[in-house]
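Novice: from the sequence below, what's the structure:
(chains A and B)
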2 protein chains.
Amino acid sequence: MLPFSRVAIIGLGLIGSSIARAVRQHMPTVHLTAHDADPAVRARVIELGIVDDVADTPGAAVVDADLVMLCVPVGAIGSAAEAIAADLPADAIVSDVGGAKLSVSEAMRKALPNAVIVPGHPVAGTEHSGPDAGFATLFHGRWCILTPEEGTSEAAVERVKAFWEKLGSHVEIMTARHHDLVLAVTSHVPHLIAYSIVGTASDLEDVTQGEVIKYSAGGFRDFTRIAASDPTMWRDVFLNNREAVLEILQRLTEDVTALQRAIRWGDGDTLFNLFTRTRAIRRSIIEQGQDDARPDFGRTHE
Amino acid sequence: MLPFSRVAIIGLGLIGSSIARAVRQHMPTVHLTAHDADPAVRARVIELGIVDDVADTPGAAVVDADLVMLCVPVGAIGSAAEAIAADLPADAIVSDVGGAKLSVSEAMRKALPNAVIVPGHPVAGTEHSGPDAGFATLFHGRWCILTPEEGTSEAAVERVKAFWEKLGSHVEIMTARHHDLVLAVTSHVPHLIAYSIVGTASDLEDVTQGEVIKYSAGGFRDFTRIAASDPTMWRDVFLNNREAVLEILQRLTEDVTALQRAIRWGDGDTLFNLFTRTRAIRRSIIEQGQDDARPDFGRTHE
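Specialist: Residues are numbered from 1 along each chain as shown, chains lettered A, B, ... in the order given. Sure thing, here's the model as predicted:
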């Protein structure tokens, strides 16, 4: 039994196009319709042949769907929900993939006051964007978090859960508020710091950009990967998870200040103790299959 | 013509053991002697068979050498230099691989006032440590920086340069002071921030360590790689490059504060502009062969 038989995807970037490919691979009988606001993306998706129908309007894409996945940047989810409101079948379930959940859930609820909504967030991605960047195995072994409002039908949540499990994900259910705090730690603040450190490095007077690039194998290059992620998507995430991001950033600033002080006063023990503790976390991440065990992420060394 | 015929390696961790393997591969006629302060490492290196002779003392390792490579943590380089002083041949060149150069050069000069010293730093590594972690291609396509004091014989510098080029590296020459500033940006501060963010994440009350691990694919896991690097090595680097690290950290803090303010006031343009700029740096790093072009560093997706 498949959880859904007619899936509509609104937005065909990295995530939307990966969902399309993954549905094709894992649930080949599902009928897939899609819409993207960008005509060039729509044309490309037709060429790629990863969905059955590419519609010219959001409404035409969802009119027969039993699951609608909104895969647009967080700041555009409210207007995407408004754009499907008139054509959405009464029994369809609406979900999304936004990286911030509290503000997005409110925006969807406001646009679709009577719809069955199960907000979701697959914690997966790469630094590449657009319909060509997607691939069917992106969600394999990754976690997808669902944040249904209180009172949402359990059957609806179960169907969305089953959908993600078919795509190879593990599924966890939590409140939108907790999601936003957890992701501030594991995703949003790391991205902000990565963007920031790459910016700082390229603005120095005494060290040229050429030097930063040449010697990036000393550690800097690890930060540049997530600092190459989609700018629109990430601007929207920060503006829509303001409170949690600022809270975690404040904590981090305090901890960096303590290390700064340890360096200034030559307190090697404080440094050594932290550096030992952080090794254990890496080990757990690898044990739980959330990263590559090979040194250097398995980068090639000729 | 080989630049050296008898190389002694003091310290057989990731870097020292990689040099041994790389010399074996690229200059198989070179005679390799080695010493490590840890008897267990010495025994393991004998088993691995990556050098010709493992000596029980630093002095015995260097007595016939024409190049001595000190591959111990930065904080131990001074005492390693003292330990070879009595047995060092007058025409041998002494070099090292320390990640901070100003303090290390001074320590070597103090211990070996009359020796020919060409301090060096191969900008290469992985998060793994010890003699089993090394491999022959670690330096391929990576940069090695030499920081000779003023007045050092050009011939000596050329020979050390030729040695690293034989191992597959590009070589750059600069002052120790400039090296320390460049590496603070491209290596030391990124490591400090990575260690710090992993520490912050594991200390929160409202987000469990289990959650941090589960959802680490959102970006956090990228930081855990360099935060799993050798604690002793990194403690020593920070204590020995204090000034430059604190200066760059101060810059970064200002830039993070500006982003924090942009998020608080909903200034999306500031965020978007930075996030667009940082993409270009990633592109240059890949174009110049300093990172893997495959998405996600080429991590496997089943």
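Novice: so who does the residue lying closest to A:Ala111 once chain neighbours are set aside touch?
Specialist: Computed as C-beta to C-beta, 6 or more residues apart in numbering or on different chains, the closest residue to A:Ala111 that is not its neighbour in sequence is A:Ala81, at 3.6 Å. (Each C-beta comes from the backbone N, C-alpha and C, glycine too.) For A:Ala81, the contacting residues are A:70, A:94, A:107-108, A:111-112, by C-beta atoms under 8 Å, 6 or more residues apart in numbering or on different chains.
Novice: let me have the residues you listed in JSON lines, extended by secondary structure and pLDDT.
Specialist: As requested, the contacts of A:Ala81 are arranged in JSON lines below (DSSP: H, G, I helix; E, B strand; the rest coil; pLDDT from 0 to 100):
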{"residue": "A:Leu70", "secondary structure": "strand", "pLDDT": "98"}
{"residue": "A:Val94", "secondary structure": "strand", "pLDDT": "98"}
{"residue": "A:Ala107", "secondary structure": "helix", "pLDDT": "98"}
{"residue": "A:Met108", "secondary structure": "helix", "pLDDT": "98"}
{"residue": "A:Ala111", "secondary structure": "helix", "pLDDT": "98"}
{"residue": "A:Leu112", "secondary structure": "coil", "pLDDT": "98"}
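Novice: so which of these comes closest to chain B?
Specialist: Nearest to chain B among the contacts of A:Ala81, counting by C-beta to the nearest C-beta, is A:Ala107 at 15.4 Å.
Novice: for A:Leu112, see how far away the closest residue to the closest one other than its chain neighbours is.
Specialist: Leaving aside its chain neighbours, A:Ala107 sits nearest to A:Gly78 (3.3 Å; criterion: C-beta to C-beta, 6+ apart). As for A:Gly78, its distance to A:Leu112 is 10 Å (criterion: C-beta to C-beta, to the nearest Å).
Novice: same check on A:Arg242?
Specialist: Applying C-beta to C-beta, the value for A:Arg242 to A:Leu112 is 24 Å.
Novice: surely A:Thr278 touches B:Val198?
Specialist: Yes - counting by C-beta atoms under 8 Å, B:Val198 is a contact partner of A:Thr278 at 4.2 Å.
Novice: show me the strands in chain A, by range?
Specialist: In chain A, the strands defined using DSSP state E lie at A:6-10, A:31-35, A:53-54, A:67-70, A:93-96, A:116-117, A:120-122, A:143-146, A:170-173.
Novice: number of residues surrounding A:Ile46?
Specialist: The number of residues packed near A:Ile46 is 13, by other C-beta atoms under 10 Å in any protein chain shown.
Novice: list the residues that contact it.
Specialist: So A:Ile46 contacts A:Val54 (C-beta under 8 Å, 6+ apart).
Novice: which one of A:Thr278 and B:Val198 has more residues nearby?
Specialist: Between A:Thr278 and B:Val198, counted using other C-beta under 10 Å, B:Val198 has the larger neighbour count: 29 against 23.
Novice: how far away is the more buried one from chain A?
Specialist: Look at B:Val198 and chain A: by C-beta to the nearest C-beta, to the nearest Å, they are 4 Å apart.
Novice: retrieve the pLDDT associated with that residue.
Specialist: Listed pLDDT for B:Val198 reads 96.
Novice: thought A:Ala280 was touching it, still the case?
Specialist: No - applying C-beta under 8 Å, one finds B:Val198 not in contact with A:Ala280, separated by 9.7 Å.
Novice: tell me how many other residues crowd the residue nearest to A:Ala107.
Specialist: The number of residues packed near A:Gly78 is 20, by other C-beta under 10 Å.
Novice: same check, this time on A:Ile286
Specialist: Residues lying near A:Ile286 (other C-beta under 10 Å) number 18.
Novice: list the contacts for it?
Specialist: Going by C-beta under 8 Å, 6+ apart, A:Ile286 touches A:292-293.
Novice: contact partners for A:Ile285?
Specialist: By C-beta under 8 Å, 6+ apart, A:Ile285 lies in contact with A:291, B:213, B:216, B:221, B:224.
Novice: the first one and A:Thr278, how far apart?
Specialist: Looking back up the chat, that one is A:Asp291. From A:Asp291 over to A:Thr278 (counting by C-beta to C-beta), the distance is 14 Å.
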